[in-house]
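S.K.: Could you work out the structure for the sequence below:
(2 chains)
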Amino acid sequence: KAGVTQTPRYLIKTRGQQVTLSCSPISGHRSVSWYQQTPGQGLQFLFEYFSETQRNKGNFPGRFSGRQFSNSRSEMNVSTLELGDSALYLCASSLLAGDPNEQFFGPGTRLTVL
Amino acid sequence: KQEVTQIPAALSVPEGENLVLNCSFTDSAIYNLQWFRQDPGKGLTSLLLIQSSQREQTSGRLNASLDKSSGRSTLYIAASQPGDSATYLCAVALDDMRFGAGTRLTVKP
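M.R.: Residues are numbered from 1 along each chain as shown, chains lettered A, B, ... in the order given. The predicted structure is shown next:
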């Protein structure tokens, strides 16, 4: 069974631009969560989607948004990029939302904002 | 607000040693606790998942325990190997997943 895939793996953008990252969950998984990882803040929860609905959202500004499609694939978008958005963005999938489900992570997208 | 702390932040041991990594959390109302491994610049690999009703889980040379009442978990690694060198993260799940800052483990040959 294929794992969680994320595209692109690396991305370089300049301040003010916007970016879209994609995540394909493990087949059969319906929940996708997104995380931001930086050296200073560690891993922080962005949002979780389940059945095309945002189920939970972390403490990030409105520039960060996401969506989930009917095939459970998810995208996250960051508008008006800032230098501080440079990070490793990880997505994780699980069978169902919340509850005691194991999360499986993708390899991440490394975003660099210049 | 749930806070997760991992001690030590870094650990260096010679090959073959048994070692313990610690994780503490402030709110005992959790669904589960998960231990992950992360290699530099890579994603997270799930090692062990302990449900809130469980006390421990084992996989090969790894054993994780959970004491919800005291807000603690430990990851025990037996007979460490250089290939175990990585950052180990614990995370607790309720409405969302909260991560510790990790323990960077180096196992020297």
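S.K.: only C-alpha atoms for contact and neighbour calcs from this point on.
M.R.: Fine.
S.K.: Return the helix or strand in chain B with minimum mean pLDDT.
M.R.: Within chain B, judged by mean pLDDT, DSSP states H and E, the helix or strand with the poorest mean is strand B:97-99; its value is a mean of 91.
S.K.: which residues touch that one?
M.R.: Around strand B:97-99, the neighbours that count as contacts under Cα atoms under 8 Å, 6 or more residues apart in numbering or on different chains are A:42-45, B:2-4, B:89-92.
S.K.: confidence score at residue 48?
M.R.: Using chain A here. Residue-level confidence at A:Glu48 comes out at 93, pLDDT.
S.K.: Can you look at chain B instead?
M.R.: With respect to pLDDT, B:Leu48 scores 95.
S.K.: picking up where we left off before, parallel or antiparallel, list what pairs with the least confident helix or strand of chain B.
M.R.: Sheet partners assigned to strand B:97-99 using DSSP bridges are listed as strand B:86-93 (antiparallel).
S.K.: got the residue ranges for the strands in chain A?
M.R.: A:5-7, A:10-13, A:19-24, A:31-38, A:42-50, A:53-57, A:64-68, A:74-78, A:87-94, A:104-105, A:109-113 (DSSP state E).
S.K.: One more: chain B?
M.R.: Using DSSP E, the strands of chain B run over B:4-7, B:10-14, B:19-25, B:32-38, B:44-51, B:56-59, B:62-67, B:72-77, B:86-93, B:97-99, B:103-108.
S.K.: Now render the ones you listed as CSV, adding mean neighbour count.
M.R.: CSV is the format used below for those (neighbours: other Cα atoms under 10 Å in any protein chain shown):
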stretch, mean neighbour count
strand B:4-7, 20
strand B:10-14, 15
strand B:19-25, 21
strand B:32-38, 22
strand B:44-51, 21
strand B:56-59, 15
strand B:62-67, 19
strand B:72-77, 21
strand B:86-93, 25
strand B:97-99, 23
strand B:103-108, 19
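S.K.: Cool, thanks, signing off.
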